[in-house]
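K.L.:
Fold the following for me, if possible:
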Amino acid sequence: MSIFLLISIKLVDGISMTVSSICEAEAALQGQWPNKGAAPYKDACRLIASARGGNCSPAIAFAAFKAAVIDQRLLKPIKEGPAIGMLDDATKNLQT
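P.N.:
Here you go, the predicted structure:
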């Protein structure tokens, strides 16, 4: 089980991926990105490699990866499942 929340991305070549670990983030960084020279992309690559080597917190590295995904507009919207609707229904009376 992953310690990170799942994010869905769509790379430039149309490949969709779900990423929830440092290993998956590393694989995603090898795909086609709009701008591999952008600072957030380079930071993500550096920090993911550093986390794999034990020199960086995995949470910081994953946050850098997510920032690069957002910066390059690769984040796919999350579809709400039925559980979200059920939770909303169950808690609507608790909202003030």
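
K.L.:
so the closest residue to Leu29 other than its chain neighbours, which of the three states?
P.N.:
Ranked by C-beta to C-beta, 6 or more residues apart in numbering and with sequence neighbours excluded, the top spatial neighbour of Leu29 is Cys45, at 5.5 Å. To be clear about C-beta, it is placed using only N, CA and C from the backbone, and glycine gets the same treatment. Following DSSP: H, G, I helix; E, B strand; the rest coil, we place Cys45 in the helix state.

K.L.:
Please apply the same query to the one 10 residues further on.
P.N.:
Assigned with three-state DSSP, Asn55 falls in the coil class.

K.L.:
what pLDDT does it get?
P.N.:
Turning to Asn55, the model gives it a pLDDT of 96.

K.L.:
if we can go back for a sec, can I assume the residue nearest to Leu29 is in contact with Trp33?
P.N.:
No - at 10.1 Å, Cys45 does not count as touching Trp33 under the criterion of C-beta atoms under 8 Å.

K.L.:
part of a strand, is Ile78?
P.N.:
No - counting by three-state DSSP, Ile78 falls outside a strand, being coil.

K.L.:
where do the strands sit along the protein?
P.N.:
Assigned by DSSP state E, the strands in the chain fall at 7-10, 16-19.

K.L.:
among those, which is the most enclosed?
P.N.:
strand 7-10 (a mean of 19; mean count of other C-beta atoms under 10 Å).

K.L.:
Against which helices or strands is that one packed?
P.N.:
strand 16-19, helix 58-71 (3 or more C-beta pairs under 8 Å, 6 or more residues apart in numbering; DSSP states H and E).

K.L.:
Ok, which of these comes nearest Asp89?
P.N.:
strand 16-19 (26.9 Å; C-beta to C-beta).
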